[in-house]
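Chemist: The sequence and its predicted three-dimensional model are supplied below.
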Amino acid sequence: MRLSVQKLLNLNVLWFCVNAQYAALIPVVIPTQILLFVNTGSVGSAEQAAFLSWLTAAASLISLFMPPLVGHVSDRTPGRFGRRRPYILFGGLLQVLSVIFLATANNTVSFLLGLSLLHVGNNILTPAYQGLIPDQVPKEQRGAASGYVGAMTILGNVVGLVLAALLLGSVTQKSYNAALIRSGSRTFYVITSVLMLLGLVITLLGVREKARPADLERKRTARPSLSQRLAQNWLRPWHNYNFTLVFCTRFSIMLGLAMFMTFIEYYFARVEHIPNFVEFTAGVAVLALGGGVVSGILSGLFSDRLNRRAPLVTVAAICMSLASLAFVVTPHTEVDWLWPLGVLFGLGYGTYMSVDWALSIDVLPSLDDAGKDLGLWSASTTVPAVIAPLLGNLLISLAAGSGKIEAGYRLVFIAATCCMVIAAICILFVREQKITQEAKVRK
């Protein structure tokens with residue numbers, strides 16, 4: 001049965017809330033808060049870049065293990081409340097509770113504790129929540145649903161970044177004080193936690209989970225050995241050609257995005273020498289995401305009419321790679337060129353986000369194990385989130401050691417560009433016609 005617009009909105013509204021809370025953390029809020037704890041008095045120093053890198057990498061390590069486990073457990077959770085919603089509720093409440101520590105952090109211990117709670121909650125909520133899409137959406141609406149995921153994700157990004165710009169935009173290289181950063185970040189965390197609570201209520205009340213598949217119940221009666229369960233549950237997806245290739249494509253794109261987003265604020269401060277670097281970072285990001293909303297919705301709807309989604313991913317990766325490369329070669333005296341580059345990047349990002357979910361669901365080996373397989377799939381985001389800051393920190397540290405820290409930031413963007421180009425080429429080898437035939441058989 002086709003889903004109405006209202007049901008699609010109910011199903012995807014929590015993506016807006018999650019990203020409103022999360023999107024501005026790495027590019028704006030956390031780098032600004034780090035100014036309170038590390039090498040105070042300067043902006044974009046090698047020490048601050050190193051702290052941000054290790055913090056991001058350590059937090060992402062949690063995401064290597066939790067999503068597949070939570071997704072696997074949610075696939076097999078019985079109960080009248082549903083198999084996904086208990087984990088959505090628990091994870092969302094942890095994210096809300098993390099605000100207590102983040103909003104009152106006066107030292108690195110409270111700050112790190114709050115971030116840990118936020119990250120653990122997100123890694124419980126997300127794998128369960130993403131499992132709702134293959135559970136609820138019919139095959140002929142996957143592209144449209146993916147467009148809604150992309151649109152809600154990007155809208156959440158816009159709201160989070162605008163809020164961060166309004167609250168922290170007064171922070172500049174020449175003048176910033178601890179009280180301003182603390183009050184601005186505190187307000188940001190409180191507002192986004194309220195949005196999270198509203199999203200939880202709408203999702204938990206507005207989405208009715210379907211009954212567990214009968215064939216899945218039969219599978220539970222069999223008791224294979226531990227080695228058999230390991231092979232079937234965790235290794236089998238990697239034997240699927242399309243699953244592995246699309247995973248590698250997404251891995252490459254997310255690696256480039258992670259390097260781009262982690263260091264963008266410090267790049268504007270140290271390389272472009274922009275005084276109001278916080279406000280400028282948020283402004284460029286909002287402009288980019290505004291273009292992404294338009295391209296995301298149109299591409300999602302259009303992808304349902306195509307036999308192949310891969311060309312859209314190629315176009316998206318090329319747009320993002322061109323924008324990333326232009327950041328490197330554009331001289332800091334021509335800052336006005338950064339705005340159209342942001343739009344170009346956003347058009348590519350929106351197009352990619354619109355078809356990402358549809359393509360990932362198309363290549364799942366089995367919809368019965370969607371939560372677990374999408375949990376494995378999330379490693380295509382979390383592993384790059386570990387590698388990117390460490391690689392970026394290495395490049396920046398090496399350049400700083402020779403007295404050319406600006407060159408280090410440019411090298412980070414060159415590496416991000418290479419990742420996007422690799423993804424644009426890799427996705428063309430996906431056998432999408434075979435995906436369609438297999439999906440029809442499963443259906």
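Modeler: Structure's in. What do you need?

Chemist: alpha carbons only for contacts and neighbour counts from here, please
Modeler: Will do.

Chemist: Show me where the stretch 1-150 of the chain has its helices.
Modeler: 5-22, 30-34, 46-75, 85-97, 99-102, 108-130, 132-136, 142-168 (DSSP state H, counting those that start in this stretch).

Chemist: Same check on the stretch 301-443 of the chain?
Modeler: 310-329, 338-362, 370-377, 379-401, 405-426, 432-442.

Chemist: what do you get for the stretch 151-300 of the chain?
Modeler: Using DSSP H, counting those that start in this stretch, helices in the stretch 151-300 of the chain cover 178-206, 214-221, 226-230, 241-262, 264-270, 277-303.

Chemist: Looking at these, which is nearest to residue 165?
Modeler: For residue 165, the closest of those is helix 277-303, at 5.1 Å, according to CA to CA.

Chemist: among the helices of the stretch 1-150 of the chain, which is the most enclosed?
Modeler: Mean neighbour count (mean count of other CA atoms under 10 Å) peaks for helix 142-168 among those, with a mean of 26.

Chemist: Quick check: closest non-adjacent residue to the residue positioned nearest the centre of the chain.
Modeler: In the chain, the residue lying closest to the centroid (CA atoms, centre = their mean) is residue 381, at 7.0 Å. Residue nearest to residue 381 in three dimensions, not counting chain neighbours: residue 254, with 5.7 Å by CA to CA, 6 or more residues apart in numbering.

Chemist: Neighbours of residue 177, how many?
Modeler: Counted with other CA atoms under 10 Å, the neighbours of residue 177 add up to 14.

Chemist: which residues touch it?
Modeler: residue 171 (CA atoms under 8 Å, 6 or more residues apart in numbering).

Chemist: Okay, it and residue 114: tell me how far apart.
Modeler: Residue 177 sits 22 Å away from residue 114, going by CA to CA, to the nearest Å.

Chemist: Equivalent analysis for residue 151, please.
Modeler: As judged by CA to CA, residue 151 and residue 114 stand 28 Å apart.

Chemist: got it, and residue 429?
Modeler: 42 Å.

Chemist: ok so, going back, I figured the residue nearest to residue 381 hits residue 384, correct?
Modeler: Yes. In this structure, residue 254 is within contact of residue 384 by CA atoms under 8 Å, at 6.1 Å.

Chemist: contacting residues around residue 97?
Modeler: 117-118.

Chemist: Please apply the same query to residue 281.
Modeler: 27-28, 264-265, 268.

Chemist: Tell me the one among those nearest to residue 391.
Modeler: residue 264 (14.7 Å).

Chemist: can you count the residues close to the closest one?
Modeler: So residue 264, with other CA under 10 Å, has 23 neighbours.

Chemist: least trustworthy helix or strand in the protein by mean pLDDT?
Modeler: Sorting the helices and strands of the chain by mean pLDDT, DSSP states H and E puts helix 432-442 at the bottom, at a mean of 44.

Chemist: Same list, the helices of the stretch 1-150 of the chain, but as CSV with mean pLDDT please.
Modeler: As requested, those are exported to CSV (pLDDT from 0 to 100):
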stretch, mean pLDDT
helix 5-22, 88
helix 30-34, 83
helix 46-75, 75
helix 85-97, 92
helix 99-102, 89
helix 108-130, 87
helix 132-136, 80
helix 142-168, 82
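
Chemist: can I get those in CSV with distance to residue 242?
Modeler: Shown next, in CSV, are the helices of the stretch 1-150 of the chain (distance: least, CA to CA, whole Å):
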stretch, distance to residue 242
helix 5-22, 26
helix 30-34, 37
helix 46-75, 19
helix 85-97, 29
helix 99-102, 40
helix 108-130, 20
helix 132-136, 17
helix 142-168, 17
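
Chemist: Can you tell me which of those is nearest to residue 358?
Modeler: That would be helix 142-168 among the helices of the stretch 1-150 of the chain, by CA to CA, at 5.2 Å.

Chemist: what's the neighbour count on residue 76?
Modeler: For residue 76, the count of nearby residues is 18 (other CA under 10 Å).

Chemist: And the closest residue to it other than its chain neighbours, what's its pLDDT?
Modeler: In space, and not counting its chain neighbours, residue 76 is closest to residue 83: 6.9 Å by CA to CA, 6+ apart. Here, the pLDDT recorded for residue 83 equals 83.

Chemist: What separation do you get for residue 83 and residue 289?
Modeler: 33 Å.

Chemist: contacting residues around stretch 406-414?
Modeler: Stretch 406-414 has contacts (CA under 8 Å, 6+ apart) with 259-260, 263, 267, 270-271, 324-325, 327-328, 392, 395-400.

Chemist: What remains of these if I keep only buried residues?
Modeler: Burial by neighbour count, judged by 16 or more other CA atoms under 10 Å, picks out 259-260, 263, 267, 270-271, 324-325, 327-328, 392, 395-400 from the contacts of stretch 406-414.
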